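1. Predicted model follows, preceded by the sequence.
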Amino acid sequence: MRFSGLRVLREGLRGNRGWRPHWRDASPRPAYDAIIIGGGGHGLATAYYLAKKHGAQRIAVLEKGYLGGGNIGRNTTIVRANYLLPGNSEFYSHSLKLWEGMEEELNYNVMHSQRGQIVLFHDDGQRDAAIRRGNAMRNQGDDAELLSVADLRRMVPYLDYDQARFPIRGGLLQRRAGTARHDAVAWGYARAASDLGVDLIQNCEVTGVDVKDGAVRGVQTTRGAIAAPKVGIIVAGRSSQVAAMAGMRLPIESHVLQAFVTEGLKPCLDHVISFGMGHFYISQSDKGGLVFGGDLDFYASYAARGNLPMAEHVMEAGMTLMPMIGKAKVLRSWGGIMDMTPDGSPIIDRTSVEGLYVDCGWCYGGFKAVPASGDCMAHLMALDRPHEAAKRFRLDRFRTGRGLMDEEGTGSQHNLH
Amino acid sequence: MRFAQGGLIDREAPVEFSFDGRSYRGFAGDTLASALLANDIRLMGRSFKYHRPRGPLTAGSEEPNALVTLGEGPGQEPNARATTCEVHDGLVARSQNRWPGLGFDLLGVNDWAAPFLGAGFYYKTFMWPKSFWERLYEPLIRRAAGLGSLSGVASAETCDKAFAHCDLLVIGAGPAGLMAALAAARAGADVILADEDTRPGGALLRESGEVAGQPGAHWAVQVSEELAGMDNVRIMCRTSVTGVYDHGTYAALERAAPATVRREGAATETFWRIVARRTVLAAGALERPVAFRDNDRPGVMLAGAVRAYANRWAVRPGRAVAVFGNNDSAHRTARDLMARGVHVCALVDARHGARTDLDLPFFPGAVVSRAHGGRRLEAVDIRMPGRSLRLRADCLAISGGWNPSVHLTCHLGARPVWDADLVAFLPGAGAVPGLDVAGAASGVFSTAGCLESGWHAGMAAARALDLKPVEAAIPKAEDGHYDIVPLWAVPGKGRAWVDFQNDVTVKDVSQAAQENFRSVEHMKRYTTQGMAPDQGKNSNVVALAVLADATRDGIPETGTTTFRPPFTPVSIAAMGAGAQGMGFAPRRLTTSHRVSLRRGAPMLEVGLWYRPSHYPRVGEATWRESCDREARMVRESVGITDVSTLGKIDIQGPDAARFLDFVYTNRFTTLAEGRVRYGLMLREDGHVMDDGTTARLGPEHYLMTTTTAAAGQVLRHLEFVHQCLCPHMDLRLISVTEQWAQFAVAGPRASALLEEVLQGPLDLPFMGCRAVSMGPVGARLFRISFSGEQGYEIAVPSRYGEGLFSRLVDRAEALGGGAYGMEALNVLRIEKGFITHAEIHGRVTAFDIGMAGMISKDKDCIGKAAAARPGLLGAEREQLVGLRPVKSGAAILAGAHLFEEQAEAISRHDQGYVTSTCHSPALGDTLALGFLRNGRARHGEVVRMVEHLQGVETLCRVSDPLAFDPAGGRMRD
Amino acid sequence: MRITCPICGARDRREFYYMGAAVALDRPVPEADAAAWNAYIHERDNPAGLTRDLWYHEAGCGAWLVVTRDTISHEVHGVTLASDMRAGG
């Protein structure tokens, strides 16, 4: 069924009885050509591109809970391509281009809104770093603009320019950056993949990975054994556990990242704004809630809930940066589990087990990566060689020191990225 | 419509307030909702999507409909619940999410278009043409969406934050909470009793039943007075416990009473972090509605809320009231209203075989199937087996049963448990360590049961705290049996509301299931049910029951969505209290701060420190002029600058030297007493962490300096290495950054100046140190240089810093020099190719900065193994270089990237970048440092600097980073 | 969240700095191979359940602590001074 305004009118007139399932719920078959472990954004996108671009026929996505129930269902929805270092730069650039065509590609309104992101800087060192980053973006072919305080006062007059502890000295703007309706991205890929014949299997937890003679043979699940010559582990938040089933130890530590939303408000904040002197980023959803977040809770955790110190720090950053939001009331806070890597950048690679691939380590940048991660992981799984845009996301970079992508420059301590 | 008597309002204290520009009267003790209802105003809001007219559904913080904006101007508060807002003189309230007015709202047209605006319609449209999303569709959607408005400017009000500690936290001061607090307090526990209401009592405030032979509200006053009289009890009213966190930490929001807020400087809200050894959750239960056609009309209220308005606020809820329910709550409402002389036109009980003693039209086994009316309820349809009936009514009280307030028990991840007998979710056992649930929150719905359950919970808490509980009699009270049949949605045509606030109907939920959003999480996210400001308090259980019906799964199998903090919304101002303006971070000031300010120096934020940018003199129009003059001053005469912000770590012990050998790449065991050495420190991953000098002050005594930025990180790292990797080494570390004020004295006349100040020869070789004295003040003198000139640093205990700085600057000025700031300091170090964190930014190695040779080959050190990884060495690495413009005076900009002269400026051709840049007065040209691929092998080559953002391109010649006085004679001799 | 420092007693989480898995205590010998160093610096067991990790009582006594903790429930099972741990082992 094709979605359109006309269809909405027609179904509305018929009492909305004609709508059909967005995707088909499948039961596991005994064998597939490829299995994707994980029905989140990255897994669903991978399945979609495997079917769409590589003509793969028998694909299953195994999800232990409900589709899109992981980090794609609990992020701050920011989409941007503003990276500094080779590897990240070309990958996120590729991803943003895919975002720009996503609604047409999927026939699903994911509300991708290119409202612009402004990253503020507060001293000369930060300005120089912003210039270096902005130039990396421009070199990559993406847009970036340097904003003066006068520009900022005009565009975002509600920031505290006069009393703040760390005065605002300027900003880096990417107009093509913005937000999207996160859940819809998962549903859009699920629907499109399902239409291409992908089996989406919910409530099917993988309990073992079958490896024989150095090659993957399939997986054990709560719904029985399923055979496949290719298996992709795409389970950010649980990567270490699933990799351990295949005898692997990943360079990942899991951490909680909290996020917050306020009650609905009339439009008051038109961009995505990122503070430079403490972790704080904010945008306003189309429904009117201010959606914002900060840094990790900093201790290894799988609890998917946060603690107060970081929550308070985030509110404090909000109050020093834009005190006009003080009367907005936080309605809900939540936590997601991040795969933190030693350089803060992801992994899309083969493993020591033939036919077994990993897509993990997204730290807290995974949402905007969804389309390119799917595209590149599908490319890798289908052709057994890396996609040009993700060829630096290698697992062995930590051992060799080659091509590390430490955007923050904080080093190998996992929680510092 | 106020009853002539009764209620917990103060009829001696009338107040005047306004709503939508009209003045009304109420009494102290009223909420905005009760006062408006008493003035016969029912229409208080519009719904989110269809802009349906709405009146209050509840009488508490869970209110979904009556959301208003309080106040005007900068401090206006959107989305306040009329049902909890205390009226007071001068209160200004306005309706919201309507245009042009509440009575006539143009966006009410959405209600007519409802067939096209069902669940998730926006995922299916607004896709064509592509560019219209940002330009047309999204702005329209955003404008229509949202509820109230922020003022757009900062409020002048203040908020506060606080910590509290107690033995027992009791959440909720209803019958169960009061008894729990009493039991524990009498046993001697430190108790905090928190309740979101303005006074203790909870459900007793709305019910007419007696406790211990007196009205329940009176009993509550008596008990709270006893509690208030005990030193070990703190009663916190207007305090909502909003979140449960690990290890007995609770978040709570306290609202100040209106009278307090009017006091100058008083905090309007206080965000509490309460640490409790034990907790009793006695948060009560929330009544839920039943879905039937047009059940959202103003005048339809929950049965318990109707009792609250009648009993607590003496408000006559209507002229003809119909009551509908599936449990005894409905009967209680009918009885209380009749006792007040209100005409109850029907009591509709969904339970077959239900009975009543009341003298009224009674309809057992029947349901209300439809509400009629627009901006107020006019009639209801009653459907019973075989017939139906329309009755005129201007108020309908409904009860679909009670949901225990399990929310807080789920904040640590536990799920509630379905109880088929109570037709409700109950808290899971052991959901929160240290927390017991009592009263209605645990599914005990009679008053007697609540009193008893609270008492036992308090006794149990006392015992768990090793206190001796004191037995006492539990007061007598109503002890009815809770008898309920499941009733979620009355079948029929039309739209029946599940989530009033977000306009989600029974049809939306079933359409979601039809579209395969069958998981409760999918349904929620697709329909937005439960995502409005009430977070589904009124709708979650009904919605999942409707979903369970559509999917043919059971309710327990369907499960709930996740309960998350906060229980009630918390303002950002409260949770971020204190941070506005300068409060966000502490300010660190050097001892010379005041002197620098007196000399007109603009201050720069450097981490938490403030450091002077430059010291402007008369006739200098720009910072550059001052900076150039200061740099020249240091090169030609003498300059003074405060370097106290650099980290200073005192290291003592027999193994101190061995320890330094391990944390630095180079050797320190060979450092002689009275000597200073530059050291390079790596992270264990082989990248540069920091650099600085370390002086050997005594046989087992060293003083390490770090950069300003890395002082904390280095101390932490040293402690880690010592305690975790080599605890056998005998040494101690301590930061003495704050204890010593330290000033650089640099320039050809530095010795002369210091000899004068110290009244004697300095007698100190380059990289030497010794103790000196200035009268009675012991000081330390180091001969080190960050400027490339003859340089000293002199350190005194901080209390003498200001005096010494003034004196040094005065003397320098007498010698033709003076104070210099950060800008000149930066110029001097760039001329010398000295690095700062602009260069050692966390991604560079010793190899990259040309210091690979400093990694000693014959000893281990932190980072040595990882630094030898193949990827961290070799020609592919970007290496530190100096840069000068080919055309003298051309700009080189920090952050710009470097390319080969003819190459297009795109990523593929990227060769490096500029880190630091300045105008060098000594060399009369632009000078920069940067990193260039294989840069050390490329000295003399020309590269192109491109800065896209400001549109600057400059050809640069690559050179050694050390540009000024390469032989170093000025520094050493 | 609260951690009981063996020296200072029960303190709020905000007094502590977190480093990561206590594997950091087991530094390889200098001549260990690349795989051993990679395992030490980068790879982690990252258990969903009981773990031992390193915390630093930065706003307190300055002790590095080994905390035995559940990464799912956050329950703390034990806290030891890192220096004792190393001295004992």
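-> Looks like it came in fine. Numbering: from 1, shown residues only, chains lettered A, B, ... in the order given.
2. what about the strands in the stretch 151-300 of chain B?
-> Assigned by DSSP state E, counting those that start in this stretch, the stretch 151-300 of chain B shows strands spanning B:158-171, B:191-194, B:210-211, B:214-215, B:233-236, B:239-245, B:249-255, B:267-281, B:285-287, B:300-302.
3. In space, what's closest to residue 402 - neighbours in sequence excluded?
-> By default, I'm working from chain A. residue B:871 (3.1 Å; CB to CB, 6 or more residues apart in numbering or on different chains). Every C-beta, even on glycine, is put in place using the N, C-alpha and C of the backbone.
4. wrong one, chain B
-> Spatial nearest neighbour of residue B:402, excluding adjacent residues (CB to CB, 6+ apart): residue B:285 at 4.2 Å.
5. Pull the contacting residues for the one you found.
-> B:402, B:403, B:404, B:405, B:424, B:440, B:441, B:445 (CB atoms under 8 Å, 6 or more residues apart in numbering or on different chains).
6. burial count for the closest residue to the fifth one other than its chain neighbours?
-> Just to be clear, that refers to residue B:424. Sequence neighbours aside, residue B:403 is the residue nearest to residue B:424 in space, at 5.5 Å (criterion: CB to CB, 6+ apart). When neighbours are defined as other CB atoms under 10 Å in any protein chain shown, residue B:403 has 26 of them.
7. and residue B:403, bridged to which residues?
-> residue B:286 (DSSP bridges).
8. shouldn't residue A:397 be in contact with residue B:871?
-> Yes: if you go by CB atoms under 8 Å, residue A:397 and residue B:871 touch, sitting 7.2 Å apart.
9. Looking at these two, which is more packed in?
-> residue A:397 (24 against 18).
10. Leaving out sequence neighbours, find the closest residue to the more buried one.
-> Closest to residue A:397 by CB to CB, 6+ apart is residue A:403, at 4.9 Å.
11. Who are the contact partners of that neighbour?
-> For residue A:403, counting by CB under 8 Å, 6+ apart, the contacting residues are A:86, A:87, A:392, A:394, A:397, B:871.
12. Let me have those in CSV, extended by pLDDT.
-> As requested, the contacts of residue A:403 are exported to CSV (pLDDT from 0 to 100):
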residue, pLDDT
A:86, 97
A:87, 98
A:392, 98
A:394, 98
A:397, 98
B:871, 98
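13. Spit out the contact partners of the residue nearest the centre of chain C.
-> With distances taken as CA atoms, centre = their mean, the residue of chain C nearest its centroid is residue C:54 (1.8 Å). Contacts of residue C:54 were listed using CB under 8 Å, 6+ apart, and they are B:720, B:724, C:18-22, C:24-25, C:64-67, C:82.
14. related to what we said a few turns ago, now tabulate the contacts of residue A:403 in a markdown table and tack on distance to residue A:17.
-> Formatted as a markdown table, the contacts of residue A:403 follow (distance: CB to CB, whole Å):
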| residue | distance to residue A:17 |
| --- | --- |
| A:86 | 53 |
| A:87 | 50 |
| A:392 | 51 |
| A:394 | 52 |
| A:397 | 54 |
| B:871 | 61 |
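15. Could you tell me which ranges of chain A sit under the pLDDT cut-off?
-> Within chain A, no range satisfies pLDDT under 70.
16. Check for me that the residue nearest to the centre of chain C belongs to a strand.
-> Yes: using DSSP: H, G, I helix; E, B strand; the rest coil, the assignment for residue C:54 is a strand.
17. Chain C: helices as residue ranges?
-> C:34-41, C:82-88 (DSSP state H).
18. Around chain C, which positions in chain B sit nearby?
-> Proximity of chain B to chain C, by CB under 8 Å from any CB of the partner chain, involves residues B:245-249, B:273, B:275, B:412-413, B:433, B:684-685, B:716, B:719-720, B:722-725, B:727-728, B:860, B:864-866, B:869.
19. Dig out what the residue nearest to the centre of chain C forms beta bridges with.
-> Beta-bridge partners, per DSSP bridges, of residue C:54: residue C:20, residue C:66.
20. any chance you could map the helices in the stretch 301-417 of chain A?
-> A:308-321, A:366-383, A:397-400 (DSSP state H, counting those that start in this stretch).
21. so what secondary structure elements neighbour the first one?
-> In other words, helix A:308-321. For helix A:308-321, the elements it packs on are strand A:253-262, strand A:290-300, helix B:572-575, judged by 3 or more CB pairs under 8 Å, 6 or more residues apart in numbering or on different chains; DSSP states H and E.
22. how about whichever helix or strand residue B:513 is part of against chain A, any contact?
-> Per DSSP states H and E, residue B:513 falls inside helix B:506-514. Yes: remark: helix B:506-514 sits within contact range of chain A at B:507, B:511, B:514, by CB under 8 Å from any CB.
23. rewinding a little: what about the helices of the stretch 301-417 of chain A, which gets the closest to residue B:596?
-> When the helices of the stretch 301-417 of chain A are compared by CB to CB, helix A:308-321 sits nearest residue B:596, at 24.7 Å.
24. Run the chain-centre distance for the closest one.
-> 23 Å (CA atoms, centre = their mean, to the nearest Å).
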